[in-house]
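1. Quick one, what's the 3D model for this:
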Amino acid sequence: MPRWLLIVLLIIGVAAFAAVTAWYLGHRQYRARMAEAEAAWADILQQAAGPVAVYDPAMVADLPEIAQRYFTHAIAPGTPLRTTVVLEMEGSFHLGTKDAPQTYAMTARQILAPPDQFVWIPEMRSGPLVISGSDALHDSHAWTRFWMMWSLPVAQAAATEGLDRAALARPALEAIWAPASFLPQNGARWEQTGPDTARVTLGTDEKEVAIDLVLAADGRVKEIVTQRWSDANPQKTYQYQPFGGTMTADTTFGGFTIPTDAHVGNFFGTEDYFPFFEAQITAATYY
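-> Predicted structure coming up:
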């Protein structure tokens with residue numbers, strides 16, 4: 001065998017070994033971080049255990065009209081008032097920008113416990129490319145961890161002050177999928193701000209999040225928005241900016257009627273609005 005060919009084969013072998021080693025190390029990290037996500041999921045689910053009251057319209061008789069309208073639509077009388085929900089969803093997730101979006105087909109599962117806990121585990125596909133990982137807020141700390149092809153890190157952030165603060169908006173906004181979380185008995189405060197609008201405030205002190213709802217005449221949610229602490233802007237600096245979207249369909253699961261067609265993104269209500277998350281809820285189980 002010529003010496004030059006031997007050298008070429010050696011270089012190829014070393015490169016292949018390095019690539020396999022890098023994939024293995026990346027995949028090992030992926031599995032470890034996903035195990036952490038599953039452990040957080042199990043902990044949130046365990047916290048939900050215990051007896052709960054059942055819904056009686058008298059519970060909201062002293063609330064503003066719009067709150068009563070919402071609960072008449074969202075919770076059937078006699079429904080156990082569980083505030084933790086496991087969701088299954090599918091749809092599209094758009095990376096990139098409004099002008100140059102990169103669309104991925106998405107399937108995901110999520111555990112949600114408003115006002116301040118969730119774990120979201122999606123898989124996003126575009127042709128042969130797969131992005132998977134988790135987004136979460138658990139025990140007051142948030143993370144965003146995603147990998148391409150189960151090995152190559154594409155987004156890795158955890159437990160920073162900005163991220164923790166930004167993550168609070170998600171479980172508060174997504175309380176529309178756990179309607180009992182909006183009851184005053186669970187700490188929610190309602191204010192009617194117009195004929196078909198309301199402000200609902202969840203959490204307290206530094207964890208307080210106010211969300212604005214637009215309701216239809218029958219009480220279903222049409223729009224939802226909050227001022228989210230976010231660095232998803234051209235300057236990449238944290239600031240309060242509108243985050244929300246529209247809901248176009250409802251489905252009933254276990255006595256709760258929730259929005260099941262959501263289109264959500266940054267700068268909702270402005271010309272910069274980019275609904276990067278478009279999802280249909282296909283299942284909801286309450287705990």
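2. could you dump the helix or strand in which residue 264 is found to CSV, C-alpha only?
-> Secondary structure from DSSP states H and E places residue 264 in strand 261-266. Extracted in CSV, the C-alpha atoms of strand 261-266 (Å, rounded to 0.1, in the frame of the first residue of the first chain):
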residue,chain,number,x,y,z
ASP,A,261,-55.9,25.6,18.5
ALA,A,262,-53.3,28.2,19.7
HIS,A,263,-51.2,30.6,17.7
VAL,A,264,-48.7,32.4,20.0
GLY,A,265,-45.6,34.5,19.7
ASN,A,266,-43.6,37.6,20.6
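3. any idea how far residue 68 is from residue 61?
-> Noted for residue 68: a distance of 7 Å to residue 61, by CB to CB, to the nearest Å. All C-beta atoms are positioned from the backbone trio N, CA, C, and that covers glycine.
4. Ok, residue 235 next?
-> For residue 235, the distance to residue 61 - CB to CB - is 47 Å.
5. one step back: please say which of residue 68 and residue 61 ends up with more neighbours.
-> It is residue 68, of residue 68 and residue 61, that has more neighbours when counted by other CB atoms under 10 Å, with 16 against 8.
6. mind listing the helices for the protein?
-> 3-47, 65-74, 161-167, 169-173 (DSSP state H).
7. And those, which one averages the lowest pLDDT?
-> Mean pLDDT across the helices of the chain is lowest at helix 3-47; the value there is a mean of 76.
8. In this model residue 224 seems to touch residue 213, though I could be wrong.
-> Yes - between residue 213 and residue 224 a contact is recorded at 5.6 Å, counting by CB atoms under 8 Å.
9. May I have stretch 99-118 exported as CSV, CA atoms only?
-> Listed next in CSV are the C-alpha coordinates belonging to stretch 99-118 (Å, rounded to 0.1, in the frame of the first residue of the first chain):
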residue,chain,number,x,y,z
ASP,A,99,-39.2,37.3,7.4
ALA,A,100,-37.2,34.1,7.1
PRO,A,101,-39.0,31.4,9.2
GLN,A,102,-37.7,27.8,9.4
THR,A,103,-40.7,25.6,9.9
TYR,A,104,-40.6,22.3,11.9
ALA,A,105,-43.4,19.8,12.3
MET,A,106,-43.9,19.5,16.1
THR,A,107,-45.2,16.9,18.5
ALA,A,108,-44.9,17.5,22.2
ARG,A,109,-46.0,16.5,25.7
GLN,A,110,-46.2,18.8,28.6
ILE,A,111,-47.0,18.8,32.3
LEU,A,112,-48.4,22.2,33.5
ALA,A,113,-49.1,23.3,37.1
PRO,A,114,-49.9,27.1,37.1
PRO,A,115,-48.8,29.6,38.2
ASP,A,116,-45.2,28.6,38.2
GLN,A,117,-44.3,25.0,37.1
PHE,A,118,-44.1,23.2,33.8
